[in-house]
Each structure stands twice: as C-alpha cells, then as structure tokens.
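Student: could you look at this predicted model? Sequence included:
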Amino acid sequence: MADVYKLIHPVKFCNDYLSRNIRPDGRSFKQPRSIKINVDSIKTAEASAVVKCGNTAVVCGIQLELSPPKAEEPNVGFLVTNVELPALCSSKLKPGPPSDQAQVVNNIVSDIVLNSKCVDLKDLCIVPDKLAWVLYCDIVCVDNDGSLVDGCIIALMASLKTLSLPKVSYDAETEEIKVDPKSRTKLEIHSFPIVTSFVVYRLNQSNIILADPTAYEEDICGGSGTNLIVCYNKGLFCGTQKFGGSNLSKDCQDDALKTAKERANIVENIIDVCIRNHKNSSINE
Amino acid sequence: MTTNSAEGIGKICIPGMRLSPYNKDHVAGPGTYELRGYIYSSLAGILKMEVDEISKVTIVSVESQKTPSVLPRTGDIVTAKVTVVNPRMVQCVILCVGPSILARPYRGILKKEDIKANEKDSVNPYKCFRPGDIILARVLPMTEIHWYHLSTAENELGVAIATAEGSPQGVSMVPISWSEMQCPKTLVKEPRKVAKLIPENLDQELLPLENKQSNKK
Amino acid sequence: MPLDYKRFNGPEDSISYKRFTEDYIKSYDQLYQELIDENGVRKDGRAVDEARKMFAINDVVTQAKGSAYIELKQTKVVCSVFDPREIPHQNEFSQLGQIYCEVKFAPFSCPRKRRPHAPEAEERALSVALRKALEPTVCRHLFPNFQIDVFVYILEHDGACLAVAINAAGLALASAAVPIYDIITACTIAVIDGKMIMDPTEAEEHLAIMSPETQTNHGLITMSTLSQLRQITDFRQIGSLDVDCVTKAMDLLQKQCMKIVPNIQRVLVSNVIKYHKERKKLEEEAREREEALNKKMEEWKLLLNAG
C-alpha cells in the first residue's frame, strides 16, 4: 500500500513524513543509520573490512605489491584506491565500464584519503629509487542504499588500520628481493578522516538537512548521490563538497557541520572497538 | 505437498514441488506449470486451490509475497506516468500493474485514437494529458517489441493524479468535470481526460488490493 | 593492455610480494603432499568425499528484486537478480525471454594474483557457463522480448566458484519470485591422481589442472541439476579423464547436489514464513488504526449532533 503511494506520489509521500519531523524509515532528521563493521573476514586480501551502514554494504580489501618508485619521487610509495560499483548493487546501474557516478565517488574517496595524509606515502618506500610498496585498496559496493562515500571511507579506514606490512630485505648489489610474510610491522595511520553525507530537502519554503540519507532520499532530493559531504579528521574540519540539490542556508550548514563532527567521533570509536573485539576474539581462538 | 507449518499459514510451496495431478478437475493457475500430467510450483509462496464457479474446476496457483517477475499482460489495468505528449500519441512509463509495483518501469504508448471512446478523430492529446500526470490505462495486445500499447477509452480510465502548471509539487488538482481539473491552491483550471474516481476513495479506487480486503471484511 | 582512464591505476610494473617469498614455487609432489596426507585426509581436515558446510541466506541486497549470499567456508559469493528489462539493440521478436549473466571477481578475491577491473576471459567463460545452466531452469516463455539480469560477485575465491555461483543464482531467482521449474543446485569435484576430491578448495583445483608427469586421471567437473525433475542442466569438465572416471564422478556429483537442496529449501521456506508474519502484523496494525479512526468519527458525529 504505502509502496504504491510512494511510487506514484513521491513528493507528497515525503512531505507527509517530513512535515511531522520524521523520515520515511522512522529516523529523525539528523540521526544516522547504525553501523556494523567486520574486519579481516576476507583471507585472500592482506587486510579487509565489511561495513554496513543501514542497508548500504561495502567491502574493502587491500592487496600489497612491490614496484620501483616513480623517478621524480624516489622516496614515495603508492596508495591506489578504487571504488567499484558493480551492477548488482543497484537497479539503476547497467553492466559495463564504470558509470559517471562511480567515477565521481571514486574521485572523492581518493581525494579524501590522499589529502588527509592518513598514510604517509614515505612510510611505503622500502629502498629509495629502488623499491616501494603499492597498496591496492579496492572498495566494492555490494548494496547501494545511499551515503556511499561514508561507507567507503569507513571500510577503507578500518582496513588500513588492520594492515601490516611484511618484512622486505633488499640486496643492493644483486638486486635480490626477499619477503618474509611471517614478520610484519603495522602500518602507521597518522590521521582519521570520517565523512558524513547529507541531503538538502525543500519543505514548505524552507530547507532541512537529512543526515546519512538512503538511496530513496537521495533520489527525491535530485542529483545523483548525496547533496553535501562533510569530512572531519580527528575533530578537525577538513573538507566539504556540495553537489546539486536545493541551496543551503547558513543555519543548515552550521547544523550539518555540528552533526558531522559528532558523528566522526562516534564512528572512529566504533571502528576502534570493532578492531579490538576482533583481535581479542582471534587471540582467544 | 510435504512442507507444512503451524500458525495457519497454509501450505508452503517452493519451486519444483509437485502440487496435484493435471486433469479435467485441476488446471494450472499463476505461479505453477504443468509437466507430464502433474502440476508443479514455479514460485516460493503459499498454495491456493480455488474452485471456479462456472466450470467447477480447481485452479491450482501459488501466491508469492513479492510481485512475480512477469510482465504486464493484455487486459491488465496499469498505473502509468506520462512522459511525452505529442499530437499523435502519448508516451508513458508503466509503474504498477493492478496492485503490484514494478521494480523496473516499462514503456507504454497511448495512441490518439485510444484516448477516448467517442469522438476519436477530434481528440487533442494536449487537452487530455500533460507530462507528469499519473494515469490509469488498460493494456492492449502487444505488437511492438518493447512498447506496451495502452488505452484509456473507458470512463474509469484516464488521469488520476495531476499537478497544475506552476503549482508546487505534491499539490494535486481536483476533478471538476469529466474533462477538467482544478488546482485547490491556485484555482487554475486545466483540461484533462479525467478518470471517473470518487475523490474520497481515490486511493482505494486506484488500488484494487485495498478494495478486495475491505470487501472481505 | 590499454590504460583504464576511468579508474586509478597503480604503477605498471608492480608485482605481488608473494612472488618473492621463499615458498612461492612448489613442485607438484610437494603440493600434493601438503594437500592430502597418506590417510586421505585433506589439509582442512575433511575426508576426500566430504563437502564443505554451506551457509546460505537470501535478500541481502536490498536494492535488488531478489538476492542471495552463499558461503562455502572461504568461498564467498553474492548474487542479485533484477526484474525483466528491455533487451538493448534487439530487433527481432523472440518468444523466449533471455537471461543475462555476469560473473565478476572482486579485485582482491584471488590468492594468486590481483584481478583486473576490466572483464577478462575467465569471467566471461563463467558468465556463459552460468547462463547455460540457468536457461533450462527459468520459465522463459513468460517474458518474451525481455531479459532477466543475474549478477554474481565473487568476494573471495577458494574453489568451486562456478558451483557456488549457480547455487546462489538459483536461490536469488527463487527469492526474486522469478518463475522457475525447479531449484537448481550444483557442485564441483576435482580428480587428482585418480582420487575423487569433493568440493575442492582453490589449491586443490589448482593441483587438479596442473599436469603431472604421470598419465593418471586429473581434472575438474562441475555439474548442475534440477533435483525434483531429475535433470542435468549443465555439465562442464576440464582435464583428462577416462569414461569410467567421469561416470563415477557424475554419480557422486548427483548425490551431492541432492544433499544441497534441503539447504536452499530451508531458506526459502523460512522466508515465506517471515513474510507471512510481517504481512499479518501490518494488517493487524491497519485494522487497529481503522478502528481508532472510526471511533473518532463517531465521537465527532455525536458532538455535531449535540451541538
């Protein structure tokens, strides 16, 4: 019943809910969905995390490769992030090369990770000009129900936090490389970016913001994907992007920043707790 | 018919389950198929055995909780949204078939001569529909590969929900005659091929599902 | 390979670090001894004819019409099915609907190498195999001129991925309410040195298609069946096997396929029950709401009549 109404009268359906201060899925405007994190479940990857934010499900896996560094930056390694949106995660996608939306998300995620300097690329260099680590971080969306960037960053940060690099010995004379996968050192994480997405909804001549929107809310607010992305890094505001949708008032923006800041703290704690629990349980085994 | 459960759900079927023999008294209804003298289930759902009042045969069917992934069939009433109007025809996307929602919209086409039952030649599509209108229509036999031909040449079919030009989204017009609707906010009148619906029961008329339930009560 | 401009690429000449570890290259005999000991017990403790335990759930992808997730220990596969859609670039009227299958490996899914993002030959071959297996399963006459999309994503590959993909696709089709003739199940068997290894892991598969110096039977067989109708929808074999060996393997495979059926049935039945309960609850709530409204109406009527 409600589904039919939602389909043929989308604007009225939304208005009916939002004018009563509640969202179609029962949340309040600034309430994000619950997060579930599972680290290190994929054994073929060096580090991995499965993250569910509400219905949105994202899997991140990191693989390690070795390569000589670039000639112009001999003491710097590589961090390559890719977000994959396969056709199975949403009915709007078609099989084939990455859609425009996938490329946009890919770019945003890569920007945030590289700009936040959470991984010092110099840490990834083994022997200057000769050998460096290449971190292939592949983030796959399995179920796209909105706020994709949030999920991608959480999955990526959780995997990076559990990543350890095997010991490499390099013989300068014979150029022989030896890797001992048993002795490992943890990769140092210098900062911790967390993203919160919002959409701006126009309700009776005023704008309201909805945190952590679902795919349906994203559709209603026009534009592909979310309208506003706010990034916090350990309590420091480090970036915001606005894509289409309704215009944003000063009050809304302040609200969004405050909500994002609070959420970044909570999410960071959640990731820490999940990793700790995982470690404890694996020791017990 | 081995799987049974308490709680009065009825008989649960899963694909490939043998339901009954196929003979004079039993025919295969929706959600089933006939093979080598037996009726089998093709969906996961609940078994339904209905006796047809006229022919006295039992129709064996399986009811799934989700809309079965089959396409609109000839004669079905569909809910569609108008996308393009031109002097010869109206194009639309089909959103619902009867009470069930389609996950993927299918393209429908409404030819000028199928809009009204009378005065077929003098119909002006621009005075009947506008892009964005929600209409009720009946599916005609399929002649093209990917287009469903529709018809609104019945009193009960036509525009169900429409927004006047310039009115805010979500404010629907109210029908004032069989060919005109009026916006309650701006009081603008616009011509439409109005479907004969009783306004208070608009939702119910639109959705036969609700009707069936209330009839049962 | 042409550069992929739609993604970020790493340096061209990067190599997995595993290439430089000590035990990277192993001989056939070494691998064999590692995987199966003299008592016929496998590395993970299973007997030769023992399959892994299957974990299956459906409706994991909320955006799809129907979906399934199946896990055979480390092999993890997601499958989603969408409603029929128009076949692009089709000009002819076709009585039967089509099934479009796409199998993809996650870049991090394989233990040996990083998978490229662009589709490669193995994925294409698996997609075709999946389509061939599903075509006799689906009632295709019900959606002429349209196609049903079946997408399979392999999150982790530890052997038998085609069989798991077929099982997942079957469950996803059933939970998407696509009419199908029967529940399809599949399994894989590896033949190593004449031994029948049921439900092989990736390492065992690798060993089975490595050609040893001796001329013994070795290879891989994947078979999918419709259990109630007793039909084989697809049979795929690689390697060198004699006829006796193949018939023996088919017997084993058929038995194993039958064993998987209850797993899938259980998921579907519990799903039907779950939906039924939800619907009942909703109906109950609706009735309560209606009653409350009616009561209010009566109150107002009384007020009106009085005033």
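Tutor: Thanks, I have the structure now.

Student: tell me where the chain has strands.
Tutor: In the absence of a named chain, this looks at chain A. A:35-39, A:47-53, A:56-67, A:78-84, A:125-127, A:131-143, A:164-170, A:177-186, A:193-203, A:206-211, A:228-233, A:236-242 (DSSP state E).

Student: actually chain C
Tutor: Counting by DSSP E, the strands of chain C are C:15-16, C:54-58, C:66-72, C:75-81, C:85-86, C:98-105, C:146-156, C:184-192, C:195-198, C:218-226, C:231-240.

Student: by mean pLDDT, show me the worst of those.
Tutor: When the strands of chain C are compared on mean pLDDT, strand C:85-86 scores lowest, with a mean of 80.

Student: and that one, what does it pack against?
Tutor: With contacts taken as 3 or more Cβ pairs under 8 Å, 6 or more residues apart in numbering or on different chains; DSSP states H and E, strand C:85-86 sits against strand B:100-111, strand C:146-156. In this view, the C-beta of every residue, glycine as well, is placed from N, C-alpha and C.

Student: which parts of the stretch 151-300 of chain C sit against chain B?
Tutor: Proximity of the stretch 151-300 of chain C to chain B (Cβ under 8 Å from any Cβ of the partner chain) is limited to residues C:174-183, C:226-229, C:265, C:268-269, C:271-273, C:275-277, C:279, C:283.

Student: spatially nearest residue to residue 79 (excluding sequence neighbours)?
Tutor: In the absence of a named chain, chain A is used. Using Cβ to Cβ, 6 or more residues apart in numbering or on different chains and skipping residues adjacent in sequence, the residue nearest A:Leu79 is A:Leu135, 4.9 Å away.

Student: sorry, should have said chain C
Tutor: Leaving aside its sequence neighbours, C:Cys79 sits nearest to C:Ala168 (Cβ to Cβ, 6+ apart; 3.8 Å).

Student: check the gap between the one you found and C:Asn58 for me.
Tutor: Counting by Cβ to Cβ, to the nearest Å, the gap from C:Ala168 to C:Asn58 is 9 Å.

Student: now what about stretch C:113-121, what contacts it?
Tutor: For stretch C:113-121, contacts defined as Cβ atoms under 8 Å, 6 or more residues apart in numbering or on different chains pick out A:63, A:65, A:82, A:84, A:97, A:136, C:1, C:4, C:7, C:16, C:104-109.

Student: where does the chain dip in pLDDT?
Tutor: No chain specified, so I'll use chain A. Applying pLDDT under 70 to chain A flags the ranges A:1-2, A:223, A:285.

Student: wait, chain C
Tutor: For chain C (pLDDT under 70), the answer is C:1-2, C:212-214, C:307.

Student: who touches the residue in it that chain B sits nearest to in this structure?
Tutor: In chain C, the residue that lies nearest chain B is C:Asp182 (3.2 Å; Cβ to the nearest Cβ). Residues in contact with C:Asp182 (Cβ under 8 Å, 6+ apart) are B:15-16, B:40, C:137, C:226-229, C:231.

Student: same thing but at 6 Å, please
Tutor: B:15-16, C:226, C:228-229 (Cβ atoms under 6 Å, 6 or more residues apart in numbering or on different chains).

Student: related to what we said a few turns ago, list residues touching both of C:Ala168 and C:Asn58?
Tutor: Taking Cβ under 6 Å, 6+ apart as the criterion, C:Ala168 and C:Asn58 both touch C:Ala68.

Student: more neighbours, these two?
Tutor: Shown here are C:Ala168 and C:Asn58; by other Cβ atoms under 10 Å in any protein chain shown, C:Ala168 has more neighbours (30 against 23).

Student: verify the stated contact: the more buried one with C:Val78.
Tutor: No. Checked against Cβ atoms under 6 Å, the pair C:Ala168 and C:Val78 is beyond contact range at 7.3 Å.

Student: mark which of the contacts of stretch C:113-121 are buried, thanks.
Tutor: Among the contacts of stretch C:113-121, those classed as buried by 16 or more other Cβ atoms under 10 Å in any protein chain shown are A:63, A:65, A:82, A:84, A:136, C:7, C:16, C:104-109.

Student: could the residues you listed go into a markdown table alongside distance to C:Asn305?
Tutor: Output for the buried ones among the contacts of stretch C:113-121, formatted as a markdown table (distance: Cβ to Cβ, whole Å):
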| residue | distance to C:Asn305 |
| --- | --- |
| A:Gln63 | 78 |
| A:Glu65 | 83 |
| A:Asn82 | 71 |
| A:Glu84 | 67 |
| A:Tyr136 | 77 |
| C:Arg7 | 73 |
| C:Ser16 | 84 |
| C:Lys104 | 69 |
| C:Phe105 | 73 |
| C:Ala106 | 70 |
| C:Pro107 | 73 |
| C:Phe108 | 73 |
| C:Ser109 | 73 |
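
Student: what is the burial count for the spatially closest residue to A:Ile177 that is not a sequence neighbour?
Tutor: Distances taken as Cβ to Cβ, 6+ apart put C:Phe20 closest to A:Ile177, at 4.5 Å, once the chain neighbours are dropped. Number of residues near C:Phe20 (other Cβ under 10 Å) recorded here: 19.

Student: same check, this time on the one 5 residues further on
Tutor: Other residues near C:Ile25 number 8, with proximity taken as other Cβ under 10 Å.

Student: and it, what does it touch?
Tutor: So C:Ile25 contacts nothing (Cβ under 6 Å, 6+ apart).

Student: one more: A:Tyr5?
Tutor: Contacts were defined as Cβ under 6 Å, 6+ apart; by that measure A:Tyr5 touches A:Phe13.

Student: so which of the helices and strands packed on strand C:85-86 is the most packed in?
Tutor: strand C:146-156 (a mean of 25; mean count of other Cβ atoms under 10 Å in any protein chain shown).

Student: and that one, which strands flank it?
Tutor: strand C:75-81 (antiparallel), strand C:85-86 (antiparallel), strand C:98-105 (parallel) (DSSP bridges).

Student: longest helix anywhere in chain A?
Tutor: helix A:250-284 (DSSP state H).

Student: next, format the helices and strands packed on strand C:85-86 as CSV and append distance to C:Ser240.
Tutor: As requested, the helices and strands packed on strand C:85-86 are exported to CSV (distance: least, Cβ to Cβ, whole Å):
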stretch, distance to C:Ser240
strand B:100-111, 46
strand C:146-156, 27
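
Student: hang on, the earlier thing: out of the residues of the stretch 151-300 of chain C next to chain B, which are buried?
Tutor: Neighbour-count burial (16+ other Cβ under 10 Å) is assigned, among those, to C:174-183, C:226-229, C:265, C:268-269, C:271-273, C:275-276.
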